[in-house]
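**Student:** got a sequence here, can you model it:
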Amino acid sequence: MTTGRIHSIETCGTVDGPGLRFVIFTQGCPLRCLYCHNPDCRHPEDGREVTVDELITEVKKYRSYLRHGGVTVTGGEPLMQPQFVQEILQRCQTLGLHTALDTSGYVPLEAAKPVVDHADLVLLDIKSYNPDLYRQVTQVSLEPTLRFAQYLADIGKPAWIRFVLVPGLTDPVANVEGLANFVATLGNVERVEVLPFHQMGAYKWEQLGYDYALKDTAPPSPELVRATVARFAERGLTTVGP
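**Tutor:** Modelled structure (predicted):
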């Protein structure tokens, strides 16, 4: 019986893939993003242990609502628990449900491949394109994520790219245009989502006793969001903002 650790579930999600989603938040993440809104998913030993059977039992309760949506596994970083997540996605596909995997791509590629096989859609978060800035934002290397993105393109796996726009951090024009140019070379990207930075997760950092470096950072202006969306759209990419 396959088990894994999750933080929580959301039964009627609307922002993690197409349609109405049953969203599973897995526990554990190797990144330490400055703007993380789920810092309580950070440590793999936290959360609660569940079996795949338990999760599928819950999914089945909402099956009729998910016909035009599906199931999304996010985190944390789902690919820290590849066998667990692979079985969840596989079982959901057997039920005829659309499956989505939300990941940073910072994973050993060989471990990720069997999981990707059972994802109908991959939501890939690329935090920045400049390697030094990426490390500043996440504390890890950019290279595995670019390698993962290229693999998705090579196998023709449908993908949405997500980019969090943080004023004074990820918004340099060269950074945005570098990412846009890279994504434009991939033939599998259905859309790019420009996600404006917000402070909605700041209280979690305070509750956990973590130092939140962006506590004085304001959300991007509508003008900055529009300009950023335009830079992706100019490359022929279907791009959406808030």
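**Student:** how about the strands in this structure?
**Tutor:** Shown for the chain, the strands assigned by DSSP state E span residues 3-13, 21-26, 48-51, 70-74, 98-103, 121-125, 159-165, 189-196, 239-240.
**Student:** comparing these, which comes out most buried?
**Tutor:** Ranked by average neighbour count under the criterion mean count of other Cβ atoms under 10 Å, the strands of the chain are headed by strand 70-74 at a mean of 27. Yep, even glycine has a C-beta here, placed from its N, CA and C like the rest.
**Student:** and for that strand, what's in contact with it?
**Tutor:** For strand 70-74, the external contacting residues (Cβ atoms under 8 Å, 6 or more residues apart in numbering) are 13, 16-19, 21-26, 59, 85, 88-89, 92, 97-102, 120, 123.
**Student:** which residues touch the closest residue to residue 151 other than its chain neighbours?
**Tutor:** Nearest non-adjacent residue to residue 151, counting by Cβ to Cβ, 6 or more residues apart in numbering: residue 109, 6.0 Å away. Shown in contact with residue 109 (Cβ under 8 Å, 6+ apart): 144, 147, 148, 151.
**Student:** where does the most centrally placed residue in the chain land on pLDDT?
**Tutor:** What sits nearest the mean C-alpha location of the chain, by Cα atoms, centre = their mean, is residue 102, with 3.7 Å. The confidence metric pLDDT takes the value 98 at residue 102.
**Student:** quick one: the helices in this structure?
**Tutor:** Listed in chain order, the helices of the chain (DSSP state H) span 52-61, 82-94, 109-116, 131-138, 143-154, 173-184, 202-208, 222-233.
**Student:** right, and the ones you listed - which one's nearest residue 34?
**Tutor:** Smallest distance to residue 34 across the helices of the chain (Cβ to Cβ): 5.6 Å, for helix 131-138.
**Student:** now that closest one: how far from the chain's centre is it?
**Tutor:** Computed by Cα atoms, centre = their mean, to the nearest Å, the separation of helix 131-138 from the middle of its chain amounts to 17 Å.
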